[in-house]
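>>> A predicted structure for the sequence below; I have some questions about it.
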Amino acid sequence: MVTLILDDVSYRDRLLGLAVVLLWGLNFLALHIGVEHLPPLFFAGLRFVVIAVPVIVLVPRPRVPLRWLLLYGLGFGVAQFAFLFTAMRAGMPTGLASLVLQSSAPFTVLLGSLFLRERLRAIQILGLVAAVAGMALIGWDRARYAPVLPVLLTLAGGLGWAFGNIGSRLAAAGGESGRKADPLHLTLWVAVVPPIPLFAMSLLVEGPSSGSRALLASFSGTGWPALAALAYTAILATVVGSGLWTYLMSRYPAGAVAPLSLMVPVVGIASSWLFLGERPTALSLVGGLIVIGGAFAATASGRSRFSASRAVADARTTDETQASRERQLGSEVPVSCDLRAAG
């Protein structure tokens with residue numbers, strides 16, 4: 001499947017895409033370490049404030065409507081990570097979290113249909129149904145061994161990510177001047193939105209001093225893994241990973257790049273199995289494969305069919321334009337290819 005997706009992608013950019021998958025998959029290990037040492041909401045706020053400070057100073061704000069930037073930041077940054085980090089602190093297995101979070105893909109398709117009036121094709125509807133069935137199977141399997149609340153919180157994180165995707169799509173469509181925003185600037189400025197809401201939530205839910213005490217403890221001899229996790233998730237996963245992803249999305253159609261993100265759970269599950277000893281059950285793996293397959297059908301097939309129909313329409317328009325020009329020039333007599341190439 002991945003080979004078919006990457007047919008038109010250069011060998012170097014394939015390696016960059018796989019590097020992003022590796023960075024994002026291993027990021028779940030960093031998140032696991034971070035929420036073990038720091039309160040989850042406070043850790044989420046720290047993740048973004050490390051990026052937000054240099055962004056405000058060095059990167060010009062993209063000229064997009066503020067409401068779409070806020071929707072992007074609140075969905076992607078606040079809702080996704082507040083629910084995800086809380087779920088992992090409550091016992092959500094790291095590998096399973098990377099898998100369930102892929103629910104953002106079918107959620108995005110559904111929200112696009114509801115709010116952006118995007119038309120759903122039959123294969124996309126089947127993909128949504130399959131993804132929902134896979135998530136239900138994971139939840140049922142999880143409920144047999146442990147509380148299902150962490151799974152529901154992770155699903156809420158996927159829904160928050162989907163709302164962020166809608167905000168990103170609306171913001172990237174065009175700024176106040178009608179010009180499209182720089183995608184890298186837009187990605188970086190999303191980090192400016194979450195810190196204040198996340199720190200406010202941490203203050204109310206986790207207490208006024210729990211975050212600061214945990215942060216001070218991380219500078220001790222036993223607390224350094226928290227700082228390493230913060231550095232990884234802020235610099236490598238967010239700045240480097242998102243920067244490479246933005247580069248690839250700017251060079252290739254979304255349908256050729258976006259499905260690569262469905263490989264992230266493979267790295268997440270394998271790394272958590274290897275380093276944390278987490279062994280997913282057979283039913284969870286089956287449910288995860290159904291979720292990934294449904295997400296791929298819901299997101300990739302519609303884009304590829306749209307691209308194909310647009311290519312056919314463009315070719316038809318080109319042929320009609322060429323025929324119209326020939327009629328205007330009085331070229332009823334066929335002209336040879338050699339003469340036409342000679343001008």
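Nice, I can see it.

>>> show me where pLDDT drops low in the protein?
Scanning the chain for pLDDT under 70 picks out 1-8, 174-179, 253-256, 258, 300-343.

>>> what do you get if the cut-off is 50, keeping everything else the same?
Low-confidence segments of the chain, defined by pLDDT under 50: 1-5, 301-343.

>>> how far away is Pro60 from Gly243?
16 Å (C-beta to C-beta, to the nearest Å). Glycine gets a C-beta too; all of them are placed from N, C-alpha and C.

>>> Neighbour count for those two, which is higher?
Legend: neighbour count by other C-beta atoms under 10 Å for Pro60 and Gly243, higher for Gly243 (14 against 9).

>>> Okay, buried residues for the host helix or strand of the more buried one please.
Element membership of Gly243 [criterion: DSSP states H and E] is helix 241-251. Neighbour counts over helix 241-251 (16 or more other C-beta atoms under 10 Å) mark 241-242, 244-249 as buried.

>>> between those residues, which is nearest Leu276?
Checking the buried residues of helix 241-251 against Leu276 by C-beta to C-beta gives Gly241 as the nearest, at 20.9 Å.

>>> Spit out the contact partners of the closest residue to the closest one other than its chain neighbours.
What sits nearest to Gly241 in space, not counting adjacent residues and going by C-beta to C-beta, 6 or more residues apart in numbering, is Leu23, at 4.1 Å. With contact taken as C-beta atoms under 8 Å, 6 or more residues apart in numbering, Leu23 is in contact with 236-237, 240-241.

>>> Which two of the residues you listed have the greatest separation?
Spatially, the most separated pair among the contacts of Leu23 is Ala237 and Val240, at 7.4 Å (C-beta to C-beta).

>>> more crowded one of these two?
Using other C-beta under 10 Å as the criterion, Ala237 and Val240 rank with Ala237 on top: 21 against 14.

>>> Please tell me I have it right and Gly211 contacts Leu38.
Yes - counting by C-beta atoms under 8 Å, Leu38 is a contact partner of Gly211 at 7.0 Å.

>>> between the two, which one's more packed in?
Using other C-beta under 10 Å as the criterion, Gly211 and Leu38 rank with Leu38 on top: 30 against 20.

>>> ok, and the closest non-adjacent residue to the more buried one?
Excluding its sequence neighbours, the residue lying closest to Leu38 (C-beta to C-beta, 6+ apart) is Ala214, at 4.7 Å.

>>> Assess the claim that the one you found and Phe42 are in contact.
Yes - at 7.0 Å, Ala214 counts as touching Phe42 under the criterion of C-beta under 8 Å.

>>> These two - which one has more neighbours?
More neighbours surround Phe42 than the other of Ala214 and Phe42, with 25 against 18 (other C-beta under 10 Å).

>>> buried stuff in the strand or helix carrying the more buried one?
With elements taken from DSSP H and E, the one containing Phe42 is helix 40-58. Buried residues in helix 40-58, counted by 16+ other C-beta under 10 Å: 40-52, 55.

>>> contact partners of the helix or strand just after it?
Using DSSP H and E, the helix or strand that follows helix 40-58 in sequence is helix 66-72. For helix 66-72, contacts defined as C-beta under 8 Å, 6+ apart pick out 62, 163-164, 166-168, 170-171, 186, 189-190, 193.

>>> May I see the buried residues of helix 66-72?
Neighbour-count burial for helix 66-72 [16+ other C-beta under 10 Å]: 68-69, 71-72.

>>> Between which two of those residues is the distance greatest?
Leu69 and Leu71, at 7.4 Å, using C-beta to C-beta across these.

>>> What about Ser10, how many residues nearby?
11.

>>> Tell me the spacing between Val266 and Leu126.
Distance from Val266 to Leu126, by C-beta to C-beta: 23 Å.

>>> Equivalent analysis for Arg117, please.
With C-beta to C-beta as the criterion, Arg117 and Leu126 are 21 Å apart.

>>> Tell me which of these two has more neighbours.
More neighbours surround Leu126 than the other of Arg117 and Leu126, with 14 against 7 (other C-beta under 10 Å).

>>> Which residue is the nearest non-sequential neighbour of the more buried one?
Per C-beta to C-beta, 6+ apart, closest to Leu126 is Ala297, 6.3 Å.

>>> residues in contact with the one you found?
123-124, 126-127, 130.

>>> For Gly277, list the residues it contacts.
By C-beta under 8 Å, 6+ apart, Gly277 lies in contact with nothing.

>>> Quick check on it: phi, psi?
In terms of degrees, to the nearest 10, the main-chain angles of Gly277 are phi 70, psi 20.

>>> Kindly report the same for Leu120.
With angles defined as degrees, to the nearest 10, Leu120 sits at phi -90, psi 130.

>>> Is it in contact with Ser113, as I believe?
Yes - if you go by C-beta under 8 Å, Leu120 and Ser113 touch, sitting 5.1 Å apart.

>>> what residues are shared contacts of those two?
Counting by C-beta under 8 Å, 6+ apart, Leu120 and Ser113 have no contacts in common.
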